[in-house]
Structure formats: structure tokens, C-alpha cells
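> Sharing a model that was predicted from the sequence below.
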Amino acid sequence: MDQGADSVDIALANALLSGDVVVTQDYGVASLALGKSCHVVHPSGMVIDGSNIDRLMFERHVAREVRKRGRRSGKIKKRTAEDDRIFLEAIVKVL
């Protein structure tokens, strides 16, 4: 891999084939995967597609700007069995 900040993301995107299923919480990777006609599922169970990727990318940009100003986001909650169930339902739906 190159040493660039997004080199792994780009290598992953280059390896993707149309119809692949990608599980990621990185909206940049999701956007690259959608550009390759892949199906994308967030670990939360949210299906990421053309109807929501623009909003998600905008929210990512806003969050990055907030972090630059020194503000921290809330705590990340522990994953539950319910989270796993929702994710499984999303994966089954996509497949």
C-alpha cells in the first residue's frame, strides 16, 4: 500500500466488483463502493445507497469541522444483541 491517508480505501475500491457487499462505517469507503455498483451496509444495519449517501457525506464533513475546532462527540455505546439482530436483518435483506 501507498503511505497516503486514503491508500487503503482506494485499494479496496479498486478490488471491488459490481454487486459486492461492503460492510463499513466509513462513508468515504461507502461512496467509493456505491460508485462501483456495490451494496453497502453500515454495522448499525443502515443500508447506504444513493438516497442517503450525500447526506451522510455532508454530516461527515460537518463532524470533521467540529473536531477541528476541538469539540468531541459523545461516547460510543457498547454493541448489544439487538444491534446484532438489526445488522443481520439488513445483511439478509441486501443478499
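Alright, I've got the coordinates. Residues are numbered from 1 along each chain as shown.
> from what I can see Glu89 touches Ser44, true?
No: using C-beta atoms under 8 Å, Glu89 is not in contact with Ser44; the gap is 11.5 Å. Heads up, the C-betas are built off the backbone N, CA and C, glycines and all.
> Which SSE is immediately downstream of the helix or strand harbouring Ala30?
Assigned by DSSP states H and E, Ala30 falls within helix 27-35. Note on helix 27-35: by DSSP H and E, the next helix or strand toward the C-terminus is strand 39-41.
> what distance separates that following strand from the middle of the whole chain?
Relative to its chain's centre, strand 39-41 lies at 8 Å (C-alpha atoms, centre = their mean, to the nearest Å).
> Next SSE downstream of it?
Following strand 39-41 in sequence, per DSSP H and E, is strand 47-48.
> Run me through the strand neighbours of that following strand, direction for each.
Sheet pairing of strand 47-48 (DSSP bridges) gives strand 39-41 (antiparallel).
> Now do the strand it pairs with, average pLDDT.
The average pLDDT for strand 39-41 rounds to 97.
> Mind exporting the C-alpha coordinates of the lengthiest helix in the chain to PDB?
Determined from DSSP state H, the single longest helix within the chain is helix 53-68. Provided in PDB are the C-alpha atoms of helix 53-68 (Å, rounded to 0.1, in the frame of the first residue of the first chain):
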ATOM      1  CA  ILE A  53     -25.000   8.900   0.800                       C
ATOM      2  CA  ASP A  54     -25.000  12.700   0.000                       C
ATOM      3  CA  ARG A  55     -26.500  13.500   3.400                       C
ATOM      4  CA  LEU A  56     -24.100  11.100   5.200                       C
ATOM      5  CA  MET A  57     -21.100  12.600   3.400                       C
ATOM      6  CA  PHE A  58     -22.200  16.100   4.400                       C
ATOM      7  CA  GLU A  59     -22.600  15.000   8.000                       C
ATOM      8  CA  ARG A  60     -19.100  13.500   7.900                       C
ATOM      9  CA  HIS A  61     -17.800  16.900   6.600                       C
ATOM     10  CA  VAL A  62     -19.600  18.800   9.400                       C
ATOM     11  CA  ALA A  63     -18.300  16.400  12.100                       C
ATOM     12  CA  ARG A  64     -14.700  16.800  10.800                       C
ATOM     13  CA  GLU A  65     -15.100  20.600  11.000                       C
ATOM     14  CA  VAL A  66     -16.400  20.300  14.600                       C
ATOM     15  CA  ARG A  67     -13.500  18.100  15.600                       C
ATOM     16  CA  LYS A  68     -11.000  20.600  14.100                       C
END
